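Colleague: A structural model of the following input is requested.
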Amino acid sequence: MEENIKEKSVSDSLTECMRIIKYEDINGLSRLFGGRLMQWMDEVAGIAAIRHCGKGVTTAAVDNLQFKKGAFIGDVLVFVARLTHVGNTSMEVRVDVYVEEPKSGNRHVINRAYFTEVCMSEEDKPIPVPYKLKITTPAEQAEEEGALKRIEMRKKRRNEGY
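Modeller: Next up is the predicted model:
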């Protein structure tokens, strides 16, 4: 590693938080409102990105938002966010959401998405991310390879207008 290149590992910014679903979080079908879940996911993605870059961030894109199962009043949700790729001014953050069983502590995935967070200056302009992402495991390498594919797909969609 060159001395002027600074790196942080995926574990340096790994972020986990929990929420309990309350009445104000549900929709007309007595399930967790998807928009509320997306808000919470966006917040935890932003926190992970801030922890990596040490600056303010803004969300630029959300990919592969997959609602796998519903969640209900009283369920405990666990949000786990980890960086998968760092570019010049942006970072990709994977967010997994689980329902945690109160007695066993077992977790069941209910949602996953990838957020693109842009590192911002105090003048509200995109700036370079000061730390590269140090990949240390085969799983992290696979995530970065997936991130590169998603970046290409986003560019293609933008260029083709869809």
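Colleague: My guess is residue 60 contacts residue 116. True?
Modeller: Yes - at 4.5 Å, residue 60 counts as touching residue 116 under the criterion of Cβ atoms under 8 Å. Using the backbone N, CA and C atoms, a C-beta is placed for each residue, glycine as well.
Colleague: Show me what counts as buried in the lengthiest strand in the chain.
Modeller: The residue-count maximum for a strand in the chain (DSSP state E) belongs to strand 107-120. Within strand 107-120, the residues scored as buried using 16 or more other Cβ atoms under 10 Å are 107, 110, 111, 112, 113, 114, 115, 116, 117, 118, 119, 120.
Colleague: Would you format the residues you listed as a markdown table with distance to residue 24 and pLDDT included?
Modeller: Output for these, formatted as a markdown table (distance: Cβ to Cβ, whole Å; pLDDT from 0 to 100):
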| residue | distance to residue 24 | pLDDT |
| --- | --- | --- |
| 107 | 24 | 97 |
| 110 | 19 | 97 |
| 111 | 19 | 96 |
| 112 | 24 | 96 |
| 113 | 22 | 97 |
| 114 | 28 | 97 |
| 115 | 24 | 98 |
| 116 | 29 | 97 |
| 117 | 27 | 98 |
| 118 | 30 | 98 |
| 119 | 33 | 98 |
| 120 | 30 | 98 |
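Colleague: which one among those gets closest to residue 161?
Modeller: residue 116 (18.7 Å; Cβ to Cβ).
Colleague: mind showing which ranges of this protein have poor pLDDT?
Modeller: Of all residues in the chain, those with pLDDT under 70 make up the ranges 1-4.
Colleague: which stretches of it form helices?
Modeller: 10-13, 34-53, 138-160 (DSSP state H).
Colleague: can these go into JSON lines with extra columns for distance to residue 91 and mean neighbour count?
Modeller: JSON lines is the format used below for the helices of the chain (distance: least, Cβ to Cβ, whole Å; neighbours: other Cβ atoms under 10 Å):
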{"stretch": "helix 10-13", "distance to residue 91": "9", "mean neighbour count": "17"}
{"stretch": "helix 34-53", "distance to residue 91": "5", "mean neighbour count": "20"}
{"stretch": "helix 138-160", "distance to residue 91": "10", "mean neighbour count": "13"}
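Colleague: so which of those helices gets nearest residue 87?
Modeller: Closest to residue 87 of the helices of the chain is helix 138-160 (Cβ to Cβ; 7.4 Å).
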